[in-house]
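Participant: Need a 3D model of the following:
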Amino acid sequence: MKTFFKSNAAGLIIFALGVIVGTAAAKNYFKTKYEEIAQEEIESVKRIYSKNAAPVQSDEQTVEDVTEEITTSFTEILSHNGYLSNRDETDRENLGMPYIIPPEEYGEKTGYELISLTYYADGILADDGDVIIEDMEDTVGFDSLNHFGEYEDDSVFVRNDSRMCDYEILLDTRDYTDVVKDKPYLYTED
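Facilitator: I've put the predicted structure just below:
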């Protein structure tokens with residue numbers, strides 16, 4: 001009877017070691033496999049962007065500047081497609097800076113004012129009365145204006161905890177001057 005338990009115990013130990021080694025090998029295999037897939041995706045995005053990248057406009061723009069611009073674009077694409085965490089938005093939130101929110105979170109915070117803004121093709125941000133927002137960085141953050149298409153093609157939603165406001169920014173393909181030229185109280189031609 002003792003021999004039976006010794007042989008079964010040795011068999012169980014060998015079986016358990018086999019499971020542990022097999023699990024470790026499978027984990028290593030799949031980790032390597034998915035890292036390679038992610039790297040291939042990154043390389044494919046880099047190839048696409050390098051083909052579509054705008055030519056350098058001036059001799060003053062260095063290779064480092066171009067590389068930084070491309071890296072920023074890659075990071076935005078990878079973040080948008082879920083390859084990177086949304087760490088930057090969390091950092092902005094923790095620092096009390098304006099940050100992007102999903103459309104379904106717009107208006108969820110009690111006591112927050114809901115404000116609609118328009119971002120025009122010529123880079124002007126204005127309120128719903130077409131008055132220009134002078135302090136864009138403190139209001140919605142310049143970076144938020146790069147997030148059209150992330151949730152919706154023509155709108156971005158921003159929360160500013162320090163002002164207790166949720167902003168809906170709507171994209172307008174017209175120039176601001178074309179919109180307000182019929183409003184003499186806003187439009188002055190220089």
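
Participant: what residue ranges in this protein score low on pLDDT?
Facilitator: Scanning the chain for pLDDT under 70 picks out the ranges 1-7, 49-95, 184-190.

Participant: Packing partners of the longest helix seen in it?
Facilitator: Across the chain, the helix with the greatest residue count (assigned by DSSP state H) is helix 2-52. Here helix 2-52 is seen to pack against helix 63-80 when contacts are counted using 3 or more Cβ pairs under 8 Å, 6 or more residues apart in numbering; DSSP states H and E. Every residue, glycine included, has its C-beta placed from N, CA and C.

Participant: Give me the phi and psi angles of the closest residue in space to Thr139 that isn't next to it in sequence.
Facilitator: Computed as Cβ to Cβ, 6 or more residues apart in numbering, the closest residue to Thr139 that is not its neighbour in sequence is Ile133, at 5.5 Å. Main-chain torsions, Ile133, degrees, to the nearest 10: phi -90, psi 110.

Participant: do the same with Val140
Facilitator: phi -130, psi -10.

Participant: And the chain, split by domain according to the record?
Facilitator: For the chain, the structural domains run 2-80, 98-180, going by automatic domain parsing.

Participant: which one of the ones you listed is the most hemmed in?
Facilitator: Mean neighbour count, computed with mean count of other Cβ atoms under 10 Å, is highest for domain 98-180 among the domains of the chain, reaching a mean of 16.

Participant: what about that domain, how long is it end to end?
Facilitator: The stretch domain 98-180 measures 27 Å between its terminal residues, going by Cα to Cα, to the nearest Å.

Participant: With stretch 112-129 instead?
Facilitator: One end of stretch 112-129 to the other measures 20 Å (Cα to Cα).

Participant: So what touches it?
Facilitator: For stretch 112-129, contacts defined as Cβ atoms under 8 Å, 6 or more residues apart in numbering pick out 106-107, 130, 132-133, 136, 139-140, 145, 148, 156, 159, 163-177, 179.

Participant: Swap in 6 Å and give it another go.
Facilitator: Residues from elsewhere that reach stretch 112-129 (Cβ atoms under 6 Å, 6 or more residues apart in numbering): 107, 132-133, 136, 145, 164-173, 175-176.

Participant: Among these, which ones are in helices?
Facilitator: Residues of the contacts of stretch 112-129 located in helices (DSSP H): 136, 176.
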